[in-house]
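S.K.: Structure for this input, please:
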Amino acid sequence: MRADRLLSEVALLRTHGRLSAAELARRVEASPRTVMRDMEALSAAGVPVYAERGRTGGFSLLPGYRPPAEDLTADEAKALFVAGGAGVADALGMGSSFASALRKLTAGLPDRQAGAVGEIASRIVIDPTGWGGAAAPPPLLSTVLDAVLSDRRLLIGYRSPSSGTAGHRTVDPWGLVLAGTAWYLLGAHRGRPRSYRLTRMTSARRIDQPCRKPANLDLLAQWRDRQAVWRAARPGHRITVRVVAKQSDPLVQLLGIALVAPPRVAPDGDGHDLVTAQVSTLRGAVGVMLGFGDWLEVLEPPELRELMRSTAETVSRTYRRRGS
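M.R.: Numbering: from 1, shown residues only. Got it, this is the predicted structure:
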């Protein structure tokens with residue numbers, strides 16, 4: 001809808017300060033000509049938008065302009081308060097500020113919106129930690145966050161996931177990503193985009209040098225690019241497993257990071273499911289599946305069946321030897 005697009009354009013200009021018609025068009029998925037008409041419509045409606053000509057020109061809003069909260073639709077107001085940001089805010093040391101901000105936003109909403117927000121907030125709880133409980137935030141999270149928010153470079157010690165050895169590197173920190181329960185720093189090393197898992201960092205120190213980042217950085221788009229690179233580098237192995245039906249969900253959850261694509265689960269009769277998945281390494285999958293004992297059987301590929309058998313025999317010999 002055009003109204004939604006106009007609001008999105010205002011939000012983008014408030015966030016980025018100045019954007020060209022081409023960049024606005026890319027972000028709202030419209031043509032530059034449509035964006036030009038939108039800017040005229042916004043100006044006619046009293047929104048203080050103005051154009052700057054030249055190579056670095058574009059559209060901007062007058063400093064300090066803020067659209068009223070009354071412009072939120074009922075669904076938008078509900079979605080805002082169901083965002084589930086409390087746990088993330090706590091990890092970042094912003095828990096009390098987050099709660100205070102929600103109270104202020106609620107107070108500023110029209111009565112018809114505030115009632116709907118209160119109702120949905122009291123009936124829906126989002127807990128990303130699951131039954132295992134909340135993991136402690138990574139020890140270096142506050143240091144990394146400080147560098148991200150102050151636009152300063154970081155000197156980090158980082159343990160390679162492949163070799164396990166640690167080295168030091170200077171990175172440009174673009175932003176933080178919470179993927180599941182794992183925190184990642186998204187940034188660049190020597191000008192090349194990189195992602196760093198915070199639990200693999202052995203040290204972090206902010207450097208008094210400005211962070212270099214692309215103009216109009218879209219952090220989510222960068223994260224999607226990193227995910228695509230990760231998947232392309234790990235084409236994976238296709239596996240087929242027959243598992244007791246009540247254990248198919250735990251199996252998929254425990255395979256976790258070993259998965260390189262969403263698995264397929266289908267009933268296979270006699271109280272069993274057939275799970276088909278792509279995993280990054282067969283050995284990693286074995287480490288998970290052996291724990292299910294005779295609740296599952298690997299059907300494909302043959303090399304995974306052999307690896308399951310040989311690993312089980314090795315474990316059995318170990319415990320027979322220690323028990324004798």
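
S.K.: Any chance you could list what contacts the lengthiest strand in the chain?
M.R.: Criterion DSSP state E: the longest strand present in the chain is strand 166-179. With contacts defined as C-beta atoms under 8 Å, 6 or more residues apart in numbering, strand 166-179 is touched by 88, 91, 141, 144-145, 147-148, 152-160, 183-189, 194-196, 202-203, 207, 211-213, 217, 219, 222-223. Using the backbone N, CA and C atoms, a C-beta is placed for each residue, glycine as well.

S.K.: Please list the members of those residues that lie in strands.
M.R.: In this view, these that belong to strands under DSSP E are 152-159, 183-189, 194-196, 202-203, 207.

S.K.: out of these, which are buried?
M.R.: With neighbours counted by 16 or more other C-beta atoms under 10 Å, these contain buried members at 152-154, 156, 158, 183-188, 194-196.

S.K.: Closest to residue 39 out of those?
M.R.: Of all these, residue 186 has the smallest distance to residue 39: 31.2 Å, by C-beta to C-beta.

S.K.: check which helix or strand covers residue 25.
M.R.: Assessed by DSSP states H and E, residue 25 sits inside helix 21-28.

S.K.: repeat for residue 136
M.R.: Applying DSSP H and E, one finds residue 136 in no helix or strand.

S.K.: before we move on, what about residue 40?
M.R.: Residue 40 is part of helix 32-44, with elements assigned from DSSP H and E.

S.K.: could I get the longest strand of the chain in CSV with only the CA atoms?
M.R.: Extracted in CSV, the C-alpha atoms of strand 166-179 (Å, rounded to 0.1, in the frame of the first residue of the first chain):
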residue,chain,number,x,y,z
ALA,A,166,44.0,-17.8,18.5
GLY,A,167,45.3,-14.7,16.7
HIS,A,168,44.8,-11.0,16.9
ARG,A,169,43.3,-8.7,14.2
THR,A,170,42.0,-5.2,13.9
VAL,A,171,38.3,-5.0,12.8
ASP,A,172,35.8,-2.4,11.8
PRO,A,173,32.8,-3.2,13.9
TRP,A,174,29.5,-2.6,12.0
GLY,A,175,27.0,-4.1,14.4
LEU,A,176,25.9,-7.0,16.6
VAL,A,177,23.6,-9.8,15.6
LEU,A,178,21.9,-12.2,17.9
ALA,A,179,21.3,-15.4,15.9
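
S.K.: Starting from that strand, tell me which strands it pairs with and how they run.
M.R.: Within its sheet, and counting by DSSP bridges, strand 166-179 is paired with strand 152-159 (antiparallel), strand 182-189 (antiparallel).

S.K.: and residue 241, which of these is closest to it?
M.R.: By C-beta to C-beta (comparing all of the strands paired with strand 166-179), the closest turns out to be strand 182-189, at 25.0 Å.

S.K.: quick one: the closest one to chain centroid distance?
M.R.: On the basis of C-alpha atoms, centre = their mean, to the nearest Å, strand 182-189 sits 11 Å off its chain's mean C-alpha point.

S.K.: same deal with stretch 310-322?
M.R.: Taking C-alpha atoms, centre = their mean, one finds the center of stretch 310-322 at 40 Å from the center of the full chain.

S.K.: Flag every buried residue along it.
M.R.: Buried, per 16+ other C-beta under 10 Å, within stretch 310-322: nothing.

S.K.: Ok, stretch 207-222 next?
M.R.: Within stretch 207-222, the residues that count as buried by 16+ other C-beta under 10 Å are 211, 213, 216, 222.

S.K.: for stretch 271-286, same thing?
M.R.: 272, 273, 274, 275, 277, 278, 279, 280, 282, 284, 285, 286.

S.K.: the longest helix in this protein is where?
M.R.: If you go by DSSP state H, the chain has its longest helix at helix 302-323.

S.K.: Point out the other helices and strands that that one packs with.
M.R.: helix 282-289, strand 296-300 (3 or more C-beta pairs under 8 Å, 6 or more residues apart in numbering; DSSP states H and E).
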